[in-house]
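Visitor: Below: sequence and its predicted model.
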Amino acid sequence: MKIVLFWFRRDLRLNDNSALNAALKSGFKVLPLFIFDEEILFSLQKNDPRVQFIYQKLTEINNQLLSYGSSLLIKKGNVEKIWRELIKEYQIAEVYFNKDYEPYARQRDTTIFDLLDDNQIKVYSFKDQVIFEESEILKKDGSPYTVFTPYKNTWLNRFKINAIADSSSLQKQNFFLFRSPFPSFEQLGFQTSAIQVIDFNLNIGNYAQDRNFPQADSGSYLSPHLRFGTVSIREIILQLNAKDEIFLSELIWREFFMQILFHFPKVVYENFRAKYDGIKWRNNPDEFKKWQEGKTGFPLVDAGMRQLNQTGYMHNRVRMIAASFLVKHLLVDWRLGEAYFADKLLDFELASNNGNWQWAAGTGCDAAPYFRIFNPTEQLKKFDKELKYIKQWIPEYGSADYCPPMVEHKFARQRALEAYHNIVSLS
Ligand SMILES: Cc1cc2nc3c(=O)[nH]c(=O)nc-3n(C[C@H](O)[C@H](O)[C@H](O)COP(=O)(O)OP(=O)(O)OC[C@H]3O[C@@H](n4cnc5c(N)ncnc54)[C@H](O)[C@@H]3O)c2cc1C
């Protein structure tokens, strides 16, 4: 029997899943597949909490599929090799998946597309994780936006929700009825982590007023859910009210950075603004370690880094301050900080992480100007006046056990200004 394969990737849900919905309407029976990609796993610890989250979501999906008489086929290994085996094992008429815009994924998908095409298998890929993708929002002259506000204005002008995939095709007769053994976490070679992704919360009534205050805890915690597609961006945006304008704006930042990465993939390794290429980073390993461990002596930076190390999350304002401190106060290359965040953040997402780090370093599109250097002590007075956030994460704060500041703010500020200024004046 000819069937179609639906390939889950960063869209770990059955509801309002664009490609799955199309597959279920194809007229063929659908076999759902997930591949743990060796290439990605290679750089992760065995107890990476994000892998654990993926596994939890796959378990939920498999349980849902069982109620349709189907199940999830789970594979682990080299993606191309696995597809070659699948082509031999099943009579595949078509393959469906949702697009992933990251450079590695695009390259991998092109290889798989060619392989399937060589085997006369049709491939259909869909937009799913964003409202607007690739070149849908461009300037009048056809070039991509590199400044947020005009991008956002065009985004809002074009915005209408007209593509909510209906879930009515989620019916038993559309699935390939089979029972695939579901491997245990240990069988897959993973180990459990104490760090867990928490549920998101769309009760964001005071978001506009509170979002900059870490202790107010007004964030939605949506980011890992959007990262792995366990919720639909369309369903989230449909639930917002007109007063949630600022929150919507944050979601548009996410798409802004995704289209930057799509149009300028060089940002993964290079400054968006080449004029900063010659900055002489100090990259002192001992100082970098103190920053990683939350032992800089600047309480807001330290509280943020400890929150990150212990929970895989850091409040957005604190991320901005911690990133700025590393790059400007310590003159450590933003790429090192970006890699540390990529390793630790549950919501690590290449486009947002890279875009925000380049923003903090002043090297990115629409970035903070290089001479804007956060004063972490002033930021603390403004955003954690009652010291609640720092006391939560630095138990020894206020005692002799807490380390003194590792660098003097005025001195570090001047040093950063000179390092940047030397480059700017040369260009
Ligand atoms: C140095 C640095 C690195 C970052 N790395 C990442 C990352 O790897 N992955 C990631 O998802 N976000 C990243 N962010 C953006 C932001 O900090 C997180 O999205 C946010 O803190 C997640 O918490 P939340 O879901 O409660 O956010 P909320 O405040 O509730 O915002 C809702 C959603 O809007 C989006 N959003 C909010 N702020 C931003 C932003 N500045 N840029 C892009 N999207 C945004 C996210 O999808 C977020 O889930 C980074 C920010 C900085 C300053």
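Guide: Here it is on my side, so go on.
Visitor: wouldn't residue 130 be in contact with residue 233 here?
Guide: Yes. When contacts are counted by C-beta atoms under 8 Å, residue 130 is listed as touching residue 233 (6.3 Å). (Glycine included, C-beta is placed from N, CA and C.)
Visitor: Remind me which helix or strand the closest residue to the ligand within the chain belongs to.
Guide: Relative to the ligand, the nearest point of the chain is residue 219 (2.6 Å; C-beta to the nearest ligand atom). Using DSSP states H and E, residue 219 sits in no helix or strand.
Visitor: before we move on, what about residue 96?
Guide: Secondary structure assigned from DSSP H and E places residue 96 in strand 91-98.
Visitor: Distance from that strand to the middle of the chain?
Guide: When distances are taken as C-alpha atoms, centre = their mean, to the nearest Å, strand 91-98 is centred 26 Å away from the chain's centroid.
Visitor: Check which helices and strands the next helix or strand after that strand is in contact with.
Guide: Reading on from strand 91-98 to the C-terminus, the next helix or strand found by DSSP H and E is helix 103-118. Contact analysis of helix 103-118 by 3 or more C-beta pairs under 8 Å, 6 or more residues apart in numbering; DSSP states H and E lists helix 38-41, helix 79-89, strand 91-98, strand 122-126 as its packing neighbours.
Visitor: Buried deepest among those, which one?
Guide: Of all the helices and strands packed on helix 103-118, strand 91-98 carries the top mean neighbour count, a mean of 20, counting by mean count of other C-beta atoms under 10 Å.
Visitor: Enumerate the residues of the protein near the ligand.
Guide: Selection of the chain residues close to the ligand by C-beta under 6 Å from any ligand atom yields 211, 219-223, 226-227, 250-251, 253-254, 257, 316, 319-320, 323, 341, 345, 347-349, 352-353, 356-357, 360.
Visitor: Starting from residue 145, give me the distance back to residue 282.
Guide: As judged by C-beta to C-beta, to the nearest Å, residue 282 and residue 145 stand 34 Å apart.
Visitor: of those two, who's got more company?
Guide: residue 145 (21 against 12; other C-beta atoms under 10 Å).
Visitor: sorry, back to before: can you tell which of the helices and strands packed on helix 103-118 is closest to residue 301?
Guide: Nearest to residue 301 among the helices and strands packed on helix 103-118 is helix 38-41; the distance by C-beta to C-beta comes to 29.9 Å.
Visitor: before we move on, the earlier item: wait, doesn't the residue of the chain closest to the ligand sit right on residue 211?
Guide: Yes. With contact taken as C-beta under 8 Å, residue 219 and residue 211 are classed as touching, separated by 6.9 Å.
Visitor: who touches both of these two?
Guide: Common neighbours of residue 219 and residue 211 (criterion: C-beta atoms under 8 Å, 6 or more residues apart in numbering): residue 316.
Visitor: Am I right that residue 69 falls within a strand?
Guide: No. Following the definition DSSP: H, G, I helix; E, B strand; the rest coil, residue 69 is coil and is not counted among the residues of a strand.
Visitor: Please name the nearest non-neighbouring residue to it.
Guide: Distance criterion C-beta to C-beta, 6 or more residues apart in numbering; nearest residue to residue 69, sequence neighbours excluded, is residue 177 at 4.5 Å.
Visitor: got it, and residue 30?
Guide: Leaving aside its chain neighbours, residue 30 sits nearest to residue 23 (4.8 Å; criterion: C-beta to C-beta, 6+ apart).
Visitor: tell me the contacts of the one you found?
Guide: Listed by C-beta under 8 Å, 6+ apart, the contact partners of residue 23 are 4-6, 30, 94, 96, 124.
Visitor: go with 6 Å
Guide: By C-beta atoms under 6 Å, 6 or more residues apart in numbering, the residues touching residue 23 are 4, 6, 30, 96.
Visitor: got any ranges where the stretch 151-300 of the chain has weak pLDDT?
Guide: Along the stretch 151-300 of the chain, segments meeting pLDDT under 70 span 161-166.
Visitor: hang on, I meant the stretch 301-427 of the chain
Guide: 426-427.
Visitor: residue ranges for the strands of the chain, please.
Guide: In order along the chain, the chain carries the following strands (DSSP state E): 2-8, 29-37, 73-77, 91-98, 122-126.
Visitor: can I get the ones you listed in CSV with distance to residue 399 and mean pLDDT?
Guide: CSV is the format used below for those (distance: least, C-beta to C-beta, whole Å; pLDDT from 0 to 100):
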stretch, distance to residue 399, mean pLDDT
strand 2-8, 49, 98
strand 29-37, 45, 98
strand 73-77, 48, 98
strand 91-98, 51, 98
strand 122-126, 56, 98
